[in-house]
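Chemist: this one's structure only:
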Ligand code: SAT
Ligand code: MN
């Protein structure tokens with residue numbers, strides 16, 4: 001008798017019509033066989049799927065060039081499908097399930113003709129974790145198959161774990177013919193099913209990531225009483241050896257990955273990495289909030305990565321690990337076969353090809369590496385990996401950090417007055433767009449909890465869920481807000497950032513341990529500048545005062561904008577957040 005899993009795979013094969021079905025076992029040997037196939041047999045746009053990089057300087061690393069139209073997530077082609085539109089909210093594109101299935105069947109009919117269908121059994125979370133989920137993804141390209149084994153815990157044993165159960169997370173992925181007009185990322189949260197066609201890009205194609213671990217899982221969390229969040233998880237070790245665990249949510253281009261692996265500028269302090277993108281947060285029996293990282297890899301932006309900005313990432317990339325490392329859409333030095341990108345440690349090579357494979361030099365328009373070029377890298381390569389990374393229980397969280405890139409007004413750091421006030425601070429958070437993004441530079445985009453593109457259901461209900469989780473916590477984490485990006489009148493950054501951010505984190509730890517006081521203001525508690533450890537830094541006191549200065553008269557426009565933004569959620573906005581907002585409006 002076929003199991004539900006086998007029947008499901010058969011059914012997808014009848015629709016997509018692959019030449020062959022291959023069940024992955026997750027072994028190292030298999031990874032290299034897949035890479036071999038990608039180098040020799042498969043092509044995108046005439047290019048091999050994988051090229052070997054210089055194995056001396058970049059051991060176990062391979063290069064991938066995507067289709068030129070397939071370099072980023074495509075939010076306008078991303079849908080959630082529930083019976084009613086209201087559940088999806090205005091923060092999602094919605095399609096009715098019948099129509100969605102019909103359309104997806106049409107574009108998927110025969111989409112794997114002549115190709116191999118890879119069946120990938122994987123866990124999101126440690127297999128022994130009570131919070132982990134057993135998943136199956138199908139794909140028709142080795143790039144995705146190799147990426148998934150880096151990013152997740154892929155193993156044959158997941159098939160036994162699923163056994164004869166119907167309860168497994170399903171993902172059907174095909175690159176199809178990479179036609180942007182037939183590209184759709186379709187979520188069916190009620191069925192724990194994601195169906196994606198037409199793209200090989202990370203967030204569109206590695207279905208365990210944003211599609212399952214955030215959009216679908218956020219919906220599951222709403223049903224089951226937990227939170228799926230777009231957050232870093234890290235441990236902060238103090239000079240006495242105590243480790244405090246925190247999570248942090250920052251919109252893109254705010255240095256989330258750098259934060260997760262930061263090299264501390266304060267002697268005696270050390271950051272331990274548990275995750276750089278996704279956290280699943282559960283209320284423990286002890287009334288504390290516990291975090292696991294459902295992933296096992298990093299899928300990070302390459303340009304700008306260097307020994308200065310993120311030394312631990314460079315060390316991770318250079319390490320010969322058990323899992324392969326992939327570079328996608330960087331430039332390549334044709335003499336040394338090394339990846340090259342803007343802001344890397346290597347000088348400009350004599351002969352370099354850009355991310356599309358064309359001869360490149362700096363006088364040309366456009367960059368050698370695509371601004372969204374990526375590395376795919378195992379967490380186990382990371383020299384600062386926390387020893388709790390494989391703890392099935394996860395880690396207890398003492399603080400949650402929210403932040404954004406705000407060149408004006410928002411102080412370097414403040415602490416919310418309580419959980420509810422902190423949820424309000426996260427609901428209004430936002431970031432100024434950079435030139436690298438498609439949007440105009442310097443425009444403020446509000447991005448609640450950095451989840452706007454990833455909350456799989458109505459964001460008003462999501463705010464309510466955050467408030468409810470808080471009510472279940474006997475020991476709620478403190479909530480902080482950070483802004484590393486304030487500029488002065490000359491347009492220069494006022495705070496050095498990077499490894500010096502540990503100074504701000506140290507203040508937060510002092511607050512968690514009740515060892516320093518703070519100044520109460522309508523937006524929350526602000527540091528006294530004497531409590532900020534600036535040893536070895538040359539920042540004049542007046543400058544520092546400015547970073548912690550809150551004058552509500554200056555907040556008038558900001559508060560009006562927040563009021564308008566939250567008003568956009570209509571009757572779904574929880575009353576408690578309306579009340580928080582009204583209080584802030586009354587303070588300006
Ligand atoms: O692949 S991801 O969606 O994680 C990266 C991104 O595009 O934001
Ligand atoms: Mn992310």
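Modeler: Happy to help now that I have it. Given the structure is predicted, the values throughout are model-derived calculations rather than measurements. Ligands and ions are numbered 1, 2, ... in the order given.

Chemist: CA only for contacts and neighbour counts going forward, please
Modeler: Noted.

Chemist: closest approach to ligand 1 from the stretch 251-400 of the chain, which residue is it?
Modeler: Among the residues of the stretch 251-400 of the chain, residue 299 lies closest to ligand 1, at 6.3 Å counting by Cα to the nearest ligand atom.

Chemist: what pairs with the helix or strand harbouring that residue, parallel or antiparallel?
Modeler: Element membership for residue 299 (DSSP states H and E) is strand 297-301. When pairs are called by DSSP bridges, strand 297-301 turns out to pair with strand 374-378 (antiparallel).

Chemist: next one: the strand it pairs with to chain centre, how far?
Modeler: Offset of strand 374-378 from its chain centre (Cα atoms, centre = their mean, to the nearest Å): 13 Å.

Chemist: give me the mean pLDDT for the next helix or strand after that strand.
Modeler: Next along the chain after strand 374-378, taking DSSP H and E as the criterion, comes strand 395-403. Averaged across strand 395-403, pLDDT comes to 98.

Chemist: likewise for stretch 418-430?
Modeler: Per-residue pLDDT values over stretch 418-430 give a mean of 98.

Chemist: picking that back up, and the residue of the stretch 251-400 of the chain closest to ligand 1, what are its bridge partners?
Modeler: Taking DSSP bridges as the rule, residue 299 bridges to residue 376.

Chemist: so who does residue 18 touch?
Modeler: Listed by Cα atoms under 8 Å, 6 or more residues apart in numbering, the contact partners of residue 18 are 110, 111, 112, 113, 114, 115, 116, 117.

Chemist: how many neighbours does residue 282 have?
Modeler: Residues contacting residue 282 under the criterion other Cα atoms under 10 Å number 24.

Chemist: next helix or strand past the helix or strand containing it?
Modeler: Residue 282 is part of strand 279-283 when elements are defined by DSSP H and E. For strand 279-283, the succeeding helix or strand toward the C-terminus, using DSSP H and E, is strand 289-292.

Chemist: can you give me the offset of the helix or strand bottoming out on mean pLDDT in the chain from its chain's centre?
Modeler: Between all helices and strands in the chain, the lowest mean by mean pLDDT, DSSP states H and E belongs to helix 541-547, at a mean of 88. Taking Cα atoms, centre = their mean, one finds helix 541-547 lying 33 Å from the centre of the chain it belongs to.

Chemist: can you give me the buried ones in it?
Modeler: 544, 546, 547 (16 or more other Cα atoms under 10 Å).

Chemist: ok, stretch 305-322 next?
Modeler: When burial is assessed from 16+ other Cα under 10 Å, stretch 305-322 yields the following buried residues: 305-306, 309-321.

Chemist: show the contacting residues for the closest residue to ligand 1 within the chain.
Modeler: When distances are taken as Cα to the nearest ligand atom, the chain reaches nearest to ligand 1 at residue 203, 3.1 Å away. For residue 203, the set of contacting residues under the criterion of Cα under 8 Å, 6+ apart consists of 72, 73, 209, 210, 211.

Chemist: helix/strand/coil for the fourth one?
Modeler: Of the three states, residue 210 takes helix according to DSSP: H, G, I helix; E, B strand; the rest coil.

Chemist: surely it touches residue 454?
Modeler: Yes: Residue 210 is within contact range of residue 454, at 6.6 Å (criterion: Cα atoms under 8 Å).

Chemist: near ligand 1, which residues of the stretch 101-250 of the chain show up?
Modeler: Proximity of the stretch 101-250 of the chain to ligand 1, by Cα under 6 Å from any ligand atom, involves residues 202, 203, 210.

Chemist: one step back: which of the contacts of residue 203 tops the neighbour count?
Modeler: When neighbours are counted as other Cα under 10 Å, the busiest of these turns out to be residue 211, with 29 neighbours.

Chemist: touching, that one and residue 194? I think so.
Modeler: Yes: Residue 211 lies in contact with residue 194 (Cα under 8 Å); the separation is 6.8 Å.

Chemist: overlap of the contact sets of those two?
Modeler: Residues within reach of residue 211 and of residue 194 at once, by Cα under 8 Å, 6+ apart, are residue 187.

Chemist: quick one on the thing from earlier: out of the contacts of residue 18, which are buried?
Modeler: For the contacts of residue 18, a neighbour count by 16+ other Cα under 10 Å gives the buried set as 110, 111, 112, 113, 115, 116, 117.

Chemist: show me the contacts for the most centrally placed residue in the chain.
Modeler: When the chain is reduced to its mean C-alpha position, the nearest residue by Cα atoms, centre = their mean turns out to be residue 277, at 3.1 Å. If you count contacts by Cα under 8 Å, 6+ apart, residue 277 has them with 230, 231, 232, 256, 257, 298.

Chemist: what about the protein, any weak spots by pLDDT?
Modeler: Residues of the chain that meet the criterion pLDDT under 70 lie in 434-441.

Chemist: up against ligand 1, what does it have?
Modeler: Near ligand 1, when you scan the chain using Cα under 6 Å from any ligand atom, you find 72, 73, 202, 203, 210.

Chemist: farthest-separated two in those?
Modeler: In the residues of the chain next to ligand 1, the most distant members under the criterion Cα to Cα are 72 and 210, with 12.6 Å between them.

Chemist: still on that earlier bit, of the buried residues of stretch 305-322, closest to residue 140?
Modeler: residue 321 (25.7 Å).

Chemist: ok, so of the buried residues of helix 541-547, who is nearest residue 248?
Modeler: residue 547 (20.3 Å).

Chemist: so the closest one touches residue 408, yeah?
Modeler: No: using Cα under 8 Å, residue 547 is not in contact with residue 408, being 9.8 Å away.

Chemist: need the overlap of contacts for these two.
Modeler: Contact criterion Cα under 8 Å, 6+ apart; residues shared by residue 547 and residue 408: residue 486.

Chemist: go ahead and confirm residue 481 touches residue 401.
Modeler: Yes: counting by Cα under 8 Å, residue 481 does reach residue 401; the two are 5.6 Å apart.

Chemist: how about the strands of the stretch 401-550 of the chain, start to end?
Modeler: Along the stretch 401-550 of the chain, counting by DSSP state E, counting those that start in this stretch, strands occupy 413-415, 430-432, 444-446, 478-482, 519-521, 524-526.

Chemist: what's the closest of those strands to residue 64?
Modeler: strand 430-432 (30.8 Å).

Chemist: counting by contacts, list what that closest one packs against.
Modeler: Here strand 430-432 is seen to pack against strand 444-446 when contacts are counted using 3 or more Cα pairs under 8 Å, 6 or more residues apart in numbering; DSSP states H and E.

Chemist: what sits up against the least confident helix or strand of the chain?
Modeler: Looking at helix 541-547 with Cα under 8 Å, 6+ apart, the contacting residues turn out to be 411, 412, 486, 494, 529.

Chemist: swap in 7 Å and give it another go.
Modeler: Outside of helix 541-547, the residues within contact range by Cα atoms under 7 Å, 6 or more residues apart in numbering are 411, 412, 529.

Chemist: same question, stretch 417-436
Modeler: Counting by Cα under 7 Å, 6+ apart, 251, 371, 402-406, 416, 439-449, 466-467, 470, 479, 524-525, 562, 577, 580 sit against stretch 417-436.

Chemist: return the set of buried residues in that stretch.
Modeler: Neighbour-count burial for stretch 417-436 [16+ other Cα under 10 Å]: 417-434.

Chemist: now stretch 557-577
Modeler: By neighbour count, and taking 16+ other Cα under 10 Å as the criterion, the buried residues in stretch 557-577 are 558, 559, 562, 563, 566, 569, 572, 573, 574, 576, 577.

Chemist: turn those into CSV, columns for distance to residue 332 and secondary structure.
Modeler: Written out in CSV, the entries for the buried residues of stretch 557-577 read as follows (distance: Cα to Cα, whole Å; DSSP: H, G, I helix; E, B strand; the rest coil):
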residue, distance to residue 332, secondary structure
558, 44, helix
559, 47, helix
562, 45, helix
563, 48, helix
566, 46, helix
569, 46, coil
572, 50, helix
573, 49, coil
574, 51, coil
576, 53, helix
577, 50, helix
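
Chemist: and the furthest pair within the residues you listed?
Modeler: Comparing all pairs in the buried residues of stretch 557-577 by Cα to Cα, the longest separation belongs to 558 and 572, at 22.1 Å.
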